[in-house]
Every structure is written in structure tokens, then in C-alpha cells.
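*Asks:* Sequence and computational prediction follow.
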Amino acid sequence: PGVAGPAGPAGTNGTNGTNGVNAARYIVATTLADGATHTSIQAAINAALADGYGPGALPDTTILVRPGTYNESVTLSDGVHLSSAAASRNYITTINGTVTLASGITSMRCIDINGAADTAALSVVGTSGATQLTISDCNVYGNGAGVNGRPLFVDVPNNGSGGVVYVNTNFRKLGPANAA
């Protein structure tokens, strides 16, 4: 073989994204712009599960949710965490619908829930083993009459770690008061 030629000029560096946000694998936003991968929180959770994250898998993964209102019901999964991409608690990332965790351990941070009418806004309902949600810096609003419009419903067995751990989170019932 012949002698190698001189090295070519160095290329330019790419643009730098916001630390931690553009590096995420799953980014939810109201539009598919600026690096967003999904416009639905549930679609991002489903993609994470299809990619091998979720029950029994290590490591866990976190889905970043950009500010906006998401009109959908969401089923959380073990090891797939949700976090608002907003820097702090500021009431600008909201799920209009119900949020449910049926098994596993996960967390949600800085995302408000505005429950659908006459259903529990947030339900943690395990049947066996550990079922636990850590929710921090959130507001959870139940909407409707009677117990069906409650902000939180928890029904987990006593035979394992289960329930809800909440930090700096408000639970409020909106709508008519319970009938006497």
C-alpha cells in the first residue's frame, strides 16, 4: 500500500441541547418539534416497554414530558418514570384524564392530573407484590359528585410494599360535595 495522505480539516461541532432534556430517549411534547419523540404520554410508555424497559428490567428509564396539556388516560408501568421537563413545579404540565398504576414501582414528578368526570383521577390498585407510586410536586384534582370523583383511590394488598408516597403534592376534589 501507498503512504497515507494528510488529514482533512476538522468538522464543526453540532449544536448543544439543554442538559438532560435532549439527551433523553423518550420526550413527550404537544407537537413533534425540537427533538420530541411522542405527542402522547401513553405512546411513550408503550415505546419504552417495547424497547425492553418496564417490569423486571434494569435499568429503569424516565420519560420527560414537556409543558402542555395532554388529554388522555395513562397507565403507568413498573420502572418507567414520568417527569416534567419544566425546571420546577409550575403547573404547566397537565394530564386531563385518569392515571393508573396496577403493579410495580414507579414515580411521577411535576405533572398535574385533572381527573375525568366521576372517576378517580389517580388509582393505585395492585393485586400482589409491590405496587407503589412516588408522586412529588404535583396537584391531583378529582372531578364529579360522590366518591367516584375523588382525586385518589388506593387498593393494594397488605402482603407487600404498596401504596402512594407523596411529597409536596396536593389532592383536591372539585365539583359537588358528597351527598349527606
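*Replies:* Alright, I've got the coordinates. Residues are numbered from 1 along each chain as shown.

*Asks:* only C-alpha atoms for contact and neighbour calcs from this point on.
*Replies:* Noted.

*Asks:* Report the residue spans of this protein with pLDDT below the cut-off.
*Replies:* 11-23, 87-91, 128-129, 145-147, 159-161, 176-180 (pLDDT under 70).

*Asks:* swap the cut-off to 90 and go again
*Replies:* By pLDDT under 90, the weakly predicted segments of the chain are 1-24, 33-35, 54-59, 85-92, 102-105, 116-120, 123-133, 143-166, 173-180.

*Asks:* any idea which element Thr94 lies in?
*Replies:* Secondary structure from DSSP states H and E places Thr94 in strand 93-96.

*Asks:* could you point out which element follows that strand?
*Replies:* strand 99-101.

*Asks:* Run me through the strand neighbours of that following strand, direction for each.
*Replies:* Paired strands of strand 99-101, with direction, are strand 74-76 (parallel), strand 122-124 (parallel) (DSSP bridges).

*Asks:* how about those, which one is nearest Thr37?
*Replies:* Minimum separation from Thr37 across the strands paired with strand 99-101 (Cα to Cα) falls at strand 74-76, 17.0 Å.

*Asks:* Now do that closest one: everything it contacts.
*Replies:* For strand 74-76, the surrounding residues in contact (Cα atoms under 8 Å, 6 or more residues apart in numbering) are Ile41, Gln42, Ile45, Gly97, Thr98, Val99, Thr100, Leu101, Ala102, Thr106.

*Asks:* Show the contacting residues for the spatially most central residue of the chain.
*Replies:* In the chain, the centroid-proximal residue (Cα atoms, centre = their mean) is Leu82; its distance is 2.7 Å. Shown in contact with Leu82 (Cα under 8 Å, 6+ apart): Thr62, Ile63, Leu64, Val65, Ser107, Met108, Arg109.

*Asks:* and those residues, which two are the farthest apart?
*Replies:* Within these, Val65 and Ser107 form the most distant pair, 13.1 Å apart (Cα to Cα).

*Asks:* more crowded one of the two?
*Replies:* Neighbour count, other Cα atoms under 10 Å: between Val65 and Ser107, Val65 has more, with 29 against 21.
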